[in-house]
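# Sequence and predicted model, in that order:
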Amino acid sequence: MAHGVSGFEFADIAKIVQERMSGLVDEIRTDALGNIIGVRYGDTTDPLRPKVMLAGHMDEIGLMVTKIEEGGFLRFTQVGGVDPRILPGHEVIVYGKKPLTGIIGVKPPHLTSREEAARAHKMSDLFIDVGMPEEMVRDLVRVGDVVTFKRQVSELTSDVLAGKSFDDRAGVAVMLVCLEELKRYKVAADVYAVATTQEEVGLRGAMVSTYGIIPDIGIAIDVCHAETPGVPDWKTSSMGKGPALTQGANIHPKVYQGLERAAKELGIPVQPDVAPAATGTDAWAMQVARCGVATGLVSIPERYMHTSVETLSISDVEKAGRLIARFISSVDACFVKELKKWT
C-alpha cells in the first residue's frame, strides 16, 4: 500500500491522490504544507458562488529512526499515535536511500525476567532489524528516516476490507466518490476537495488550507470506532449500516440537518455520533479558522483504528460520498445566508 507518514506525504500518497483526482476537478494545486487541493467550479456564472470545502487527511501514523546501534539495529520513535503493544513482530519498510524491509524485534520471552514479561513493551524496548551488516545500514539509513508498516489490503468479504492507513485514506476515497457523483447534479457552489496533511500530528494541513480557501461550509470526512468486543455500544457505530453524522459543539446544526436531509432523500441510512467538544478531526481546525466556518463531520465506522489491520465496509464509503454530493447540490447563496442566523 502507498506510504505517507505525517510530514512526508509527498513521498508516495500525494502523487496517487493527484492522479485519482485528475479528471474529477477543474484544477489541482498544492500549498506549502503539501495539501492536495482539487477545485470543481460551480455550474453557474455567479461570481459570488458559495464555497464548500471537503477535507480527508491522507497522512498516516508511522515511525522515525532515532539511532543506529551497534550491529545495525535501529531505534525509533512514533509519528502520530502509535500503540507500542501492536509493534513486536511487525514487518516494516524503512525509507532510507532505498526502501528496506525490516522487522520490529524484541527480547524473546525465553530471555525475559518475570517482571519484564508482566508488563507491556515500551517503545524503548523495541528495535528494527533490517538483516544487514552495520556498515551497510549506516550507509543506507540516517537518523530521521521514516518507517511505515508493511501490509497489503486483505479482502475479508466482498464488502469488508482490512489494511493500514484507512484512517484516513477512506476519507479521501469518500471525496473521490463525491466528486464523481457530482457529475449527476447541477451545482451552485465551488467545491474544494482537500487531501490534507499532518492531521495525525495536529490537524496542521486543515488549518492552513481552510485559512487559504475561506470556505462558507467545511465538511471533514474521517473514521470513527466501529463495534468491537470489549467496547461499550454507546462508544461505537456499526460497520455496513451507513456513515455516522456527528452532532456537538464542533458541528453547525444547519449543516448537520442538511446532511441528514440529503441522506433521507437518497434512502441512505446514517448513524448518530456525539462530540460534546472538539472532535479531534480536521473538523475542529476548519471550524475555528479565520472568522469561523460552518462545519460538518461525516465518519466511516472502522475497527482497530491505528493498527495495520484497520477494518471497514466499502459500502459505507460509497454511501458517504453519495450523501455528501447530494448535500452539496442543495447549497446555494440562500443556504449560506441562513447559516449566520441563530435567532
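Received it, and whenever you're ready, just let me know what you need. Numbers count the residues shown, from 1 in each chain.
# From here on, just use CA atoms for contacts and neighbour counts.
OK.
# what's the neighbour count on the closest residue to M207 other than its chain neighbours?
Nearest non-adjacent residue to M207, counting by C-alpha to C-alpha, 6 or more residues apart in numbering: A285, 5.1 Å away. With neighbours defined by other C-alpha atoms under 10 Å, the count for A285 comes to 28.
# And for the one 5 residues further on?
Residues near R290, counting by other C-alpha under 10 Å, number 12.
# Surely it and Y211 touch.
Yes. Counting by C-alpha atoms under 8 Å, R290 touches Y211, with 6.2 Å between them.
# Work out for me the element F327 sits within.
In the assignment (DSSP states H and E), F327 maps to helix 314-329.
# Please tell me how far the nearest residue in space to C224 that is not next to it in sequence sits from M1.
Leaving aside its chain neighbours, C224 sits nearest to P301 (4.9 Å; criterion: C-alpha to C-alpha, 6+ apart). Here P301 is placed at a distance of 21 Å from M1 (C-alpha to C-alpha, to the nearest Å).
# okay, the two: which has more neighbours?
Taking other C-alpha under 10 Å, P301 and M1 do not tie; P301 has more neighbours (27 against 14).
# I'd assumed V223 was in contact with the more buried one.
Yes. Contact criterion C-alpha under 8 Å: P301 and V223 qualify, at 5.7 Å.
# which residues touch L87?
Residues in contact with L87, defined by C-alpha atoms under 8 Å, 6 or more residues apart in numbering, are I104.
# Next: the one 4 residues further on.
Contact criterion C-alpha under 8 Å, 6+ apart gives T101, G102, I103, I104, F149, K150, R151 as the residues in contact with E91.
# And the host helix or strand of the fourth one, what does it pack against?
Using DSSP H and E, I104 maps to strand 99-105. Under the contact criterion of 3 or more C-alpha pairs under 8 Å, 6 or more residues apart in numbering; DSSP states H and E, the helices and strands touching strand 99-105 comprise strand 91-95, strand 127-129.
# could I get those strands as CSV with distance to P243 and mean pLDDT?
Shown next, in CSV, are the helices and strands packed on strand 99-105 (distance: least, C-alpha to C-alpha, whole Å; pLDDT from 0 to 100):
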stretch, distance to P243, mean pLDDT
strand 91-95, 31, 97
strand 127-129, 38, 97
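# ok so, going back, what's the overlap in contacts for P301 and V223?
Joint contacts of P301 and V223 (C-alpha under 8 Å, 6+ apart) do not exist.
# A278 reaches M286, doesn't it?
No. Contact criterion C-alpha under 8 Å: A278 and M286 do not qualify, at 11.1 Å.
# Comparing the two, which shows the higher neighbour count?
M286 (31 against 15).
# Apart from its neighbours in sequence, what residue is nearest that one?
That would be T210: by C-alpha to C-alpha, 6+ apart, it lies 5.8 Å from M286.
# My understanding was that that neighbour contacts V288; is that so?
No. The criterion here is C-alpha under 8 Å, and T210 misses it with V288 at 9.3 Å.
# Determine the three-state secondary structure at P272.
Recorded secondary structure, P272: strand (DSSP: H, G, I helix; E, B strand; the rest coil).
# What separation is there between it and G171?
18 Å.
# Who has more neighbours out of those two?
The neighbour count for P272 versus G171, taken as other C-alpha under 10 Å, is higher for G171 (27 against 12).
# and the helix or strand harbouring the more buried one, what does it pack onto?
In the assignment (DSSP H and E), G171 maps to helix 166-181. Applying 3+ C-alpha pairs under 8 Å, 6+ apart, one finds that helix 166-181 contacts strand 51-57, strand 217-225, strand 294-303, strand 310-313, helix 314-329.
# distance between that helix and the chain's centre?
The chain centre lies 10 Å from the centre of helix 166-181; the measure is C-alpha atoms, centre = their mean, to the nearest Å.
# Format the contacts of E91 as TSV; extra columns: distance to D190 and neighbour count.
As requested, the contacts of E91 are exported to TSV (distance: C-alpha to C-alpha, whole Å; neighbours: other C-alpha atoms under 10 Å):
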residue	distance to D190	neighbour count
T101	44	18
G102	45	23
I103	46	20
I104	46	19
F149	37	26
K150	38	19
R151	37	18
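# Identify the farthest-apart pair in those.
I104 and R151 (13.7 Å; C-alpha to C-alpha).
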